[in-house]
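Engineer: A structural model of the following input is requested.
(chains A and B)
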Amino acid sequence: MNHQHYPRTLAVIVACLALGHLPLSAQQTITIPGTSGLSESPIPVNLSGFSGEALEVIQFDLLVQGFSLAGADTAQYLLSGSNAGNVVGRAQDRINKNMLVNKSYTGANLRRQAHQFVDDFLATLGRRGIGGTRIAFVHTEGRNSEIYVGNFDGTDAAPVTQDDSTAISPAWTPDNQALCYTSYRSGGAWIYLQNLAARQRTIIARYPGSNFSPAVAPDGQRVAMILSKSGTVDLYAANLTGNVLTRLTQSREDESSPCWSPDGQWICYAGKINGRRALYRIASGGGKPERIATSGVLNPTEPDWSPDGKWIVFTQQRRGGFDICVVPAAGGSATVLVEGEDPSWAPNSRTVVYTRRNARGGDQLSLLDVPTKQTKTITRISGSNSQPSWAK
Amino acid sequence: MKAIQLSSLLAVVLALSLLGTGCQKRVIGPTPINKSESRIRPGEISDNLPSYNANNSGSGVSGADLDTATGAHAQSGQFSLDNSTQDRAALAGHTVHFDFDSSVVRSDERGNVDAVAGYMQGNPAVGLLIEGHCDERGTDGYNDALGERRASALREVLISQGVAAERIITQSWGKRRPVDLGHNEAAWAKNRRGEFVVLHAK
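Structural biologist: Predicted coordinates:
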C-alpha cells in the first residue's frame, strides 16, 4: 500500500541483518512491505502558505493519518498553497520533485476544501483519506444521554435522538444512512434502527430483559446483539427487521460487544469460557466459539474488526485503567497502544476513534493513528462523549 | 451512495490530474466539492413502531427462534416496562450488593432476597423489575453485560424460592446509574448492586 516505504523498510531489514538479528519480538517492529505495520514512523511533511482554519484542518488530518510536521529540508513531501477565499493546494515529493497534487478548490466551505486537499494528497499515495467521514457517539448530560452524529473532526455535531432518556451504543448500517442503538425511552432497554434522513425508527429487539450492543453485518442484512431473554446474557443475530432470531451462544457467563468480520463470516465478541476471559469469534451462522489469542494483555473487551480484515482493535481492562490494544485478526501477540476505551476503526483501517476519561470523570473522544500511535483529542465537541462509532 | 459519489469525484479528480501531468506548474481547477452531506435535523422523530403483543415476547414479528434453552428460566414477559407503573420505594431497603466483577449472590445478602421473595408471595398481583448496576471500573460494553448478569442471578434465586418466572423482568443499567459518584472503593461497593422495583399493571 505505502509504496514510498519500500526503500526505507528494506533499509531497516538490511541494517538488522547486518547487525546479526531481526527484531521479530512480540512488538513486530518491522513494517512488512504491502501491509500496515504497527510501528511506523510518521512521514515528515512540510506545510507552507496555509493559515487559520485551513491550516488547522490540514494539520489535524495529516496527524491522525500518520504524518508529522517537519522543516522543508527534511520533509518527504512539501505541501504548499493558500486559503484566501478558497483553498489552493500543491503536494510535491521533495526527493524526486514529482508534483502530486496541484489544484484550486471551490464550493462548500474552507474546511471541506482543506479536507479534500489532504484526501487528494493521500490518494496519490494509494491511500483512502477520511476527510469526508462521520462518527456517531453518545453525548451525556446529567442522567440523560443522546445519540449524536458529527464529522470525524468534531464539527457539525448534531443530535439524532432527543428523548430525554438514555440512548447508548450507536452502530452504523453499512450504507451510512441509518443507526442502530439501544434506548431506554420506553422503559426497557430496546434496540432501534433509525434512518437519519427520514427520521424514522423501528424497533429491532424488545425482548424481556436487556437488549444491547447492536452491530450491523457488512451486507446490511443482519444484526448481532446481546440479549438476556433466555435468563442468561447471550449473543444473538437477527434480520435487520428483528425477525428470524438465532441464538449463537449459550453460556452462564456474559457475552458482550459483538462486531463483524468485513466478509460477514465471523462475529467477534468478548466472553468467558472455562474461566478464561478472552475475545472469541463464532461463525455468523452459528458454530463453536474459537478463542482469539491476545497474548500480553488482560481482560480484553469491546473488539472492532478493521475494514481491511487484518486487525482487531479492543480495550484492555486492567487494574486502574483501560488501554486501546490491537491484535492480528487471527489472534497472536497484542500491542498496547494508548490509554482509552471504546475503539472504532475508520474506513482507512489505520485511524481509530476512542474514548478517554478525563480527570473530572467526563469522557472525551480522541483519534489515534494506530501505526504511529499519534493521538489527537477532538476538542470541538463539548461535554461528556463516549462510545464512538465511525461510519465506514 | 456516499461512497459512489466519493469514488466518482475521485475519478474526476484523477482524470484531471492525468490531463495536467504535461504542465505541472499550472494550477488545475477549479475542482468543485459536492456538498452532499445530509444535515441531521434535531427535533421530533416520527416513530414507526410495530404493535406490541405482551404474550409474544418478541419484536411484534413472528420468526423462527432457535433458542433451545427456553422453559422455566426464559424470560416470558407477563409484565412489561411500558405497560406497568413502578414503585421504587416498597423494596428499596433490600438492595443487594456484589463483589467486584462478580454476579454471585453472597450468603450475607440472602436475607434481602428472602424478604423480596416474601413480598412477592404476599402480593400475588404485582410484578418485579430487577435492575443490575456496576461500578465504573469496566467498559460500557462489559458493564452492560455484567449488570444484566447480576440481575439474572437474583432472578434465578427468586425463581428457586417459588416466585413465578413470568412475574420478573431484568434490566441492566451498567455503570450509568451510580448511587455514589465517588471514585473510591467505598463508592464502588455501593454501586455494585441489584435493585428491586415493584411493578403494577397499568
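Engineer: is stretch A:335-351 positioned near chain B?
Structural biologist: Yes. Applying C-beta under 8 Å from any C-beta of the partner chain, one finds stretch A:335-351 touching chain B at A:Glu341, A:Asp342. (Each C-beta comes from the backbone N, C-alpha and C, glycine too.)
Engineer: mind exporting the C-alpha coordinates of that stretch to PDB?
Structural biologist: Only the C-alpha atoms of stretch A:335-351 are listed here, as PDB (Å, rounded to 0.1, in the frame of the first residue of the first chain):
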ATOM      1  CA  THR A 335       0.100  -4.500  21.200                       C
ATOM      2  CA  VAL A 336      -0.900  -1.900  23.800                       C
ATOM      3  CA  LEU A 337      -1.300   1.500  22.000                       C
ATOM      4  CA  VAL A 338      -2.700   4.200  24.300                       C
ATOM      5  CA  GLU A 339      -4.900   4.600  27.400                       C
ATOM      6  CA  GLY A 340      -8.500   4.600  26.400                       C
ATOM      7  CA  GLU A 341     -11.600   2.600  25.700                       C
ATOM      8  CA  ASP A 342     -14.500   2.000  23.100                       C
ATOM      9  CA  PRO A 343     -12.300   1.900  20.000                       C
ATOM     10  CA  SER A 344     -13.800   2.100  16.400                       C
ATOM     11  CA  TRP A 345     -11.900   1.900  13.200                       C
ATOM     12  CA  ALA A 346     -12.100   4.500  10.500                       C
ATOM     13  CA  PRO A 347     -12.700   3.300   6.900                       C
ATOM     14  CA  ASN A 348      -8.900   3.700   6.200                       C
ATOM     15  CA  SER A 349      -8.100   0.700   8.600                       C
ATOM     16  CA  ARG A 350      -5.500   2.800  10.400                       C
ATOM     17  CA  THR A 351      -7.100   5.600  12.300                       C
END
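Engineer: got a list of what A:Ile135 touches?
Structural biologist: A:Val149, A:Gly150, A:Asn151, A:Phe152, A:Ser344, A:Val353, A:Leu365, A:Pro388, A:Ser389, A:Trp390, A:Ala391 (C-beta atoms under 8 Å, 6 or more residues apart in numbering or on different chains).
Engineer: tell me how far the residue lying closest to the third one once chain neighbours are set aside lies from A:Thr155.
Structural biologist: If the residues on either side of it in the chain are set aside, A:Asn151 comes closest to A:Arg134, at 5.8 Å by C-beta to C-beta, 6 or more residues apart in numbering or on different chains. According to C-beta to C-beta, to the nearest Å, A:Arg134 stands 10 Å off from A:Thr155.
Engineer: more neighbours: these two, which one.
Structural biologist: A:Arg134 (21 against 16; other C-beta atoms under 10 Å in any protein chain shown).
Engineer: ok, the residue in the stretch 51-200 of chain A positioned nearest to chain B - how many residues close by?
Structural biologist: Closest residue of the stretch 51-200 of chain A to chain B, C-beta to the nearest C-beta: A:Gly187 (3.1 Å). Neighbours of A:Gly187 under the rule other C-beta under 10 Å: 17.
Engineer: and what of A:Pro328?
Structural biologist: Around A:Pro328 there are 17 residues (other C-beta under 10 Å).
Engineer: by mean pLDDT, flag the weakest helix or strand of the chain.
Structural biologist: With no chain named, the answer covers chain A. In chain A, the helix or strand scored least confidently by mean pLDDT, DSSP states H and E is helix A:6-19, which has a mean of 42.
Engineer: my bad, the chain I had in mind was chain B
Structural biologist: strand B:28-32 (a mean of 43).
Engineer: so B:Ile130 makes contact with B:Gln171?
Structural biologist: Yes. If you go by C-beta atoms under 8 Å, B:Ile130 and B:Gln171 touch, sitting 7.3 Å apart.
Engineer: between the two, which contacts overlap?
Structural biologist: B:Ala151.
Engineer: counting neighbours, which of the contacts of A:Ile135 comes out on top?
Structural biologist: A:Leu365 (27 neighbours).
Engineer: and that residue, backbone torsions?
Structural biologist: phi -90, psi 140 (degrees, to the nearest 10).
Engineer: residues in contact with it?
Structural biologist: A:135, A:137, A:154, A:353-356, A:377-378, A:381, A:385-386, A:388.
Engineer: only whichever of these are buried, select them in ChimeraX.
Structural biologist: The ChimeraX command for the buried members of the contacts of A:Leu365 (criterion: 16 or more other C-beta atoms under 10 Å in any protein chain shown) is given here:
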select /A:135,137,154,353,354,355,356,378,381,385,386,388
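Engineer: out of the contacts of A:Leu365, which sit inside strands?
Structural biologist: A:Ile135, A:Phe137, A:Val353, A:Tyr354, A:Thr355, A:Arg356, A:Thr377, A:Asn385, A:Ser386, A:Pro388 (DSSP state E).
Engineer: and the residues you listed, which two are the farthest apart?
Structural biologist: Between any two of the ones in strands among the contacts of A:Leu365, the greatest separation by C-beta to C-beta is 14.6 Å, found for A:Ile135 and A:Arg356.
Engineer: residue 108: how many residues sit nearby?
Structural biologist: Just so you know, I chose chain A. A:Ala108, neighbours per other C-beta under 10 Å, totals 17.
Engineer: other chain: chain B
Structural biologist: Neighbours of B:Asp108 (other C-beta under 10 Å): 9.
Engineer: A:Asp175 too?
Structural biologist: 13.
Engineer: neighbours around the residue lying closest to A:Ser183 once chain neighbours are set aside, how many?
Structural biologist: Closest residue to A:Ser183 apart from its sequence neighbours, by C-beta to C-beta, 6+ apart: A:Ala167 at 4.3 Å. A:Ala167 is flanked by 26 other residues according to other C-beta under 10 Å.
Engineer: am I right that A:Ala167 sits in a helix?
Structural biologist: No. With DSSP: H, G, I helix; E, B strand; the rest coil as the criterion, A:Ala167 is located in strand rather than a helix.
Engineer: so what's it up against?
Structural biologist: A:Val138, A:Ser145, A:Glu146, A:Ile147, A:Thr161, A:Tyr181, A:Thr182, A:Ser183, A:Tyr184, A:Arg185 are the contacts of A:Ala167 under C-beta under 8 Å, 6+ apart.
Engineer: how deep is whatever residue of chain B ends up closest to chain A tucked in, by neighbour count?
Structural biologist: Nearest residue of chain B to chain A: B:Leu81, at 3.1 Å (C-beta to the nearest C-beta). By other C-beta under 10 Å, 21 other residues sit near B:Leu81.
Engineer: how near is the residue nearest to it when sequence neighbours are not counted to A:Gly242?
Structural biologist: Nearest residue to B:Leu81, sequence neighbours excluded (C-beta to C-beta, 6+ apart): A:Gly187, at 3.1 Å. Taking C-beta to C-beta as the measure, A:Gly187 falls 18 Å from A:Gly242.
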